[in-house]
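Peer 1: just coords:
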C-alpha cells in the first residue's frame, strides 16, 4: 500500500514549492488507456475459462483479494499496455524539472510494480496489497500521510479520484468524462483537463467489424441458387443477415477482449479499438451480451430452425475464441465451416433445400482463404526474424506450406464447381447452363491473383478485407453475378 523501499517513504510535510512538489500519477485509465484488473482477468480467462471460478471465490474476501488472485492468474506483459503519450510527456517534464514522480494505483502490487519496473520513471509506488484496496479515500489518506495535505500534485481520471484531488495542490485529469470534468472544475476551476478522443463512432464501427458484414451476404446465396425471387424470401434473408451480423459482432468483441495481448504484439491488430485503448474495456464487456441478445432475438423472428443454426454458430465461434483457434489446422477448418454455416442458415431462413455442390464449393474456397490468412501472418512473422505466432499454433517456417495448401484447396473448389456445372441438377434450373462454364476461368483468375499478391505481401491479414478494397475482386464478382443472371 505504501512505497516499498525505505527511501521512497516521505514524511508528512507542509505544501511544497510548486517546482519541488512530487507528481503522483494514477494507473488505470490515466497512465494507461485501459484497466489492469480487466486486463489481468481476460488474460486469465484466455488461458483457461475455468479461471473464473477462483477469481469469483476470491471476491468473497474483498476487492483487494480479487485483484491479487486475478493478477496471479492473469499475468501479462506491461510493455504491451496502451500507455497515454500525453501522460508520459507530463511525467518526463516533471522529472526534467527535478521533481519526484510516484505511481499511486488501486491495482495489485504485482501489476503496479511490473509497470513501474518497465517504465523506470517512478520514485515509488503506492498500490493495493491483497488486503487493502488502495482507492478513493484510502489512497488519499496514504498520500497525505506521505506528502502532507497539498504537498503533491495528482493526475487521475474518475469520480473516485475526487477524494485525492481534494488533498492535492494541482489537479490533472486524463480523458475525464463530462461528469468528472464538471465535478473537478467545481472543485478547482484551474484544474488541467487532458484532451479526450473526439471521434467515438469510427472506433465502434471498427470494433463491431462492420466491414465484415459482407461475409453475411453468403446468406443470400441459397436465395439465388434456388431462384427464390419473392418479397417474403428476401425479407427473411435480410432479417437473417441482420441477426448474423449482430451475433457476429458480439463474438468479435469477445474475441478482441480475449486477444488483447496477442493483438498488441501484432503489426496491424495493435490498432484495434480495445487493444489500443480507444474504447474502454468495460464498454466492450457491456457490448457483448447486448449484441448477442439482440442477434438471437432477431433470429427468433425468422424461424425457430434458423435460430437453432444461429445458436450453433454462436457456440462454434465461442469455442473458437477460447480453444479452437490455438489448435493447428483445426482453426482454419473451423473458420471455413463458419462460412459454410452462413450458407446453411440462408437456406434454412427461406426454407429451401441446400445445394450440396454449393456447400462443397464454399467449404474449399473459404478453407483456401483461411489458409491464406494464416500464411500472411506467418510470412509477416518470418520478415520479423522468425519464431512462433502469439496465441496461434504456427511458426514462421510454416508459411510456404500454408500457401501450398491454400492453392490446393482453392483449385479443389474450382473442380467442385466444374463438376456441379456438368451435373443434371444445373440443367433443371438454368436455361443457359453452358454459360456457367465461364465461372471456372474467372474464379481461377481471381484465386491465382490473390495467391500471387499474398506471396508478394500485398494482401491484408484478412483476405476478406483485402477483397473489399480490391478492384480486381469487385470486377470478378461483377462478372460472376452477370454470368449467373444470364444463365438463368
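Peer 2: Noted; the coordinates are in hand. All of these numbers come straight from a predicted model, not from anything done at the bench. Numbering: from 1, shown residues only.
Peer 1: what's the next secondary structure element after the helix or strand harbouring residue 205?
Peer 2: Per DSSP states H and E: residue 205 is located in helix 201-207. Counting by DSSP H and E, the element after helix 201-207 in chain order, helix or strand, is helix 221-225.
Peer 1: helices and strands around that next one, which ones?
Peer 2: helix 231-258, helix 330-350, helix 356-383 (3 or more CB pairs under 8 Å, 6 or more residues apart in numbering; DSSP states H and E). C-betas here are computed from N, CA, C, even on glycine.
Peer 1: and of those, who's closest to residue 409?
Peer 2: Minimum separation from residue 409 across the helices and strands packed on helix 221-225 (CB to CB) falls at helix 356-383, 4.4 Å.
Peer 1: show me what secondary structure element comes after that closest one.
Peer 2: helix 399-421.
Peer 1: report the mean confidence score over that following helix.
Peer 2: Mean pLDDT, computed over helix 399-421, is 94.
Peer 1: equivalent analysis for stretch 131-147, please.
Peer 2: Here the average pLDDT along stretch 131-147 is 94.
Peer 1: next one: stretch 85-104
Peer 2: On average, stretch 85-104 scores 94.
Peer 1: can you give me the buried ones in the helix holding residue 205?
Peer 2: Neighbour-count burial for helix 201-207 flags 203-204, 206-207 (criterion: 16 or more other CB atoms under 10 Å).
Peer 1: which helices and strands sit right next to it?
Peer 2: helix 231-258, helix 273-276.
Peer 1: looking at the chain, which strand is longest?
Peer 2: strand 101-108 (DSSP state E).
Peer 1: strand partners (parallel or antiparallel) of it?
Peer 2: Strand 101-108 has its sheet partners listed here by DSSP bridges as strand 23-25 (parallel), strand 124-128 (parallel).
Peer 1: next secondary structure after the first one?
Peer 2: Read it as strand 23-25. Note on strand 23-25: by DSSP H and E, the next helix or strand toward the C-terminus is helix 36-47.
Peer 1: what pLDDT does residue 470 get?
Peer 2: 85.
Peer 1: and what of the one 10 residues further on?
Peer 2: The predicted local distance difference test score for residue 480 is 90.
Peer 1: which positions in the helix or strand containing it come out as buried?
Peer 2: Using DSSP H and E, residue 480 maps to helix 471-487. For helix 471-487, the neighbour count (16+ other CB under 10 Å) marks 473, 476, 479-480, 483-484, 487 as buried.
Peer 1: on that earlier part again, nearest to residue 219, out of the helices and strands packed on helix 221-225?
Peer 2: helix 330-350 (3.7 Å).
Peer 1: quick one, the closest one and helix 231-258 angle?
Peer 2: 150 degrees (axes from the mean of the first three to the mean of the last three CA atoms, to 10 degrees).
Peer 1: can you give me how far the helix or strand hosting residue 145 is from the chain middle?
Peer 2: Under the criterion of DSSP H and E, residue 145 resides in helix 137-147. Relative to its chain's centre, helix 137-147 lies at 37 Å (CA atoms, centre = their mean, to the nearest Å).
Peer 1: same question for stretch 214-227.
Peer 2: 28 Å.
Peer 1: contacts made by it with the rest, please.
Peer 2: 228-229, 233-234, 237, 240-241, 244-245, 248, 339, 342-343, 345-347, 349-350, 352-355, 358, 362, 429, 464, 468, 484, 488 (CB atoms under 8 Å, 6 or more residues apart in numbering).
Peer 1: and for stretch 43-57?
Peer 2: In contact with stretch 43-57 (CB under 8 Å, 6+ apart) are residues 41, 66, 69-70, 73-76, 258-261, 322, 391.
Peer 1: identify the farthest-apart pair in those residues.
Peer 2: Greatest spatial distance in the contacts of stretch 43-57: 66 and 391, 25.1 Å, computed using CB to CB.
Peer 1: looking at the two, which one has more neighbours?
Peer 2: residue 66 (23 against 15; other CB atoms under 10 Å).
Peer 1: could the helices and strands packed on helix 221-225 go into JSON lines alongside mean pLDDT, distance to residue 273 and mean neighbour count?
Peer 2: Below are these laid out as JSON lines (pLDDT from 0 to 100; distance: least, CB to CB, whole Å; neighbours: other CB atoms under 10 Å):
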{"stretch": "helix 231-258", "mean pLDDT": "94", "distance to residue 273": "8", "mean neighbour count": "21"}
{"stretch": "helix 330-350", "mean pLDDT": "93", "distance to residue 273": "22", "mean neighbour count": "21"}
{"stretch": "helix 356-383", "mean pLDDT": "90", "distance to residue 273": "20", "mean neighbour count": "22"}
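Peer 1: and those as CSV, adding distance to residue 143?
Peer 2: CSV is the format used below for the helices and strands packed on helix 221-225 (distance: least, CB to CB, whole Å):
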stretch, distance to residue 143
helix 231-258, 32
helix 330-350, 48
helix 356-383, 45
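Peer 1: can you say which of those helices is nearest to residue 298?
Peer 2: helix 231-258 (4.1 Å).
Peer 1: I'd like to know which elements the closest one is packed against.
Peer 2: helix 36-47, helix 201-207, helix 221-225, helix 273-276, helix 281-302, helix 304-322, helix 330-350.
Peer 1: of all the residues in the longest one, which ones are buried?
Peer 2: Residues of helix 281-302 classed as buried under the neighbour-count rule (16+ other CB under 10 Å) are 281, 284-285, 287-288, 291-292, 294-296, 298-299, 302.
Peer 1: now the closest residue in space to residue 279 that isn't next to it in sequence: how far from residue 283?
Peer 2: Distance criterion CB to CB, 6 or more residues apart in numbering; nearest residue to residue 279, sequence neighbours excluded, is residue 273 at 4.2 Å. Distance, residue 273 to residue 283, by CB to CB, to the nearest Å: 9 Å.
Peer 1: do the same with residue 145
Peer 2: 35 Å.
Peer 1: try residue 428
Peer 2: Counting by CB to CB, the gap from residue 428 to residue 283 is 52 Å.
Peer 1: could I get the helices and strands packed on helix 201-207 as CSV with distance to residue 334?
Peer 2: Formatted as CSV, the helices and strands packed on helix 201-207 follow (distance: least, CB to CB, whole Å):
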stretch, distance to residue 334
helix 231-258, 13
helix 273-276, 22
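Peer 1: quick one, which of those helices gets closest to residue 452.
Peer 2: helix 231-258 (29.3 Å).
Peer 1: C-terminal to that closest one, which secondary structure element comes first?
Peer 2: helix 260-264.
Peer 1: show me what that following helix is packed up against.
Peer 2: helix 36-47, helix 273-276.
Peer 1: just to revisit the earlier point, and the helix holding residue 145, what does it pack onto?
Peer 2: strand 101-108, strand 124-128, helix 162-167.
Peer 1: now do the strands in the stretch 51-200 of the chain.
Peer 2: 101-108, 124-128, 153-156, 171-174, 192-194 (DSSP state E, counting those that start in this stretch).
Peer 1: hmm, back to that, what sits up against the helix holding residue 480?
Peer 2: For helix 471-487, using CB under 8 Å, 6+ apart, the contacting residues are 224, 430-433, 435-436, 438-439, 442-443, 445-446, 449-450, 466-467.
Peer 1: try 6 Å
Peer 2: 430, 432, 435-436, 438-439, 442, 446, 449, 467 (CB atoms under 6 Å, 6 or more residues apart in numbering).
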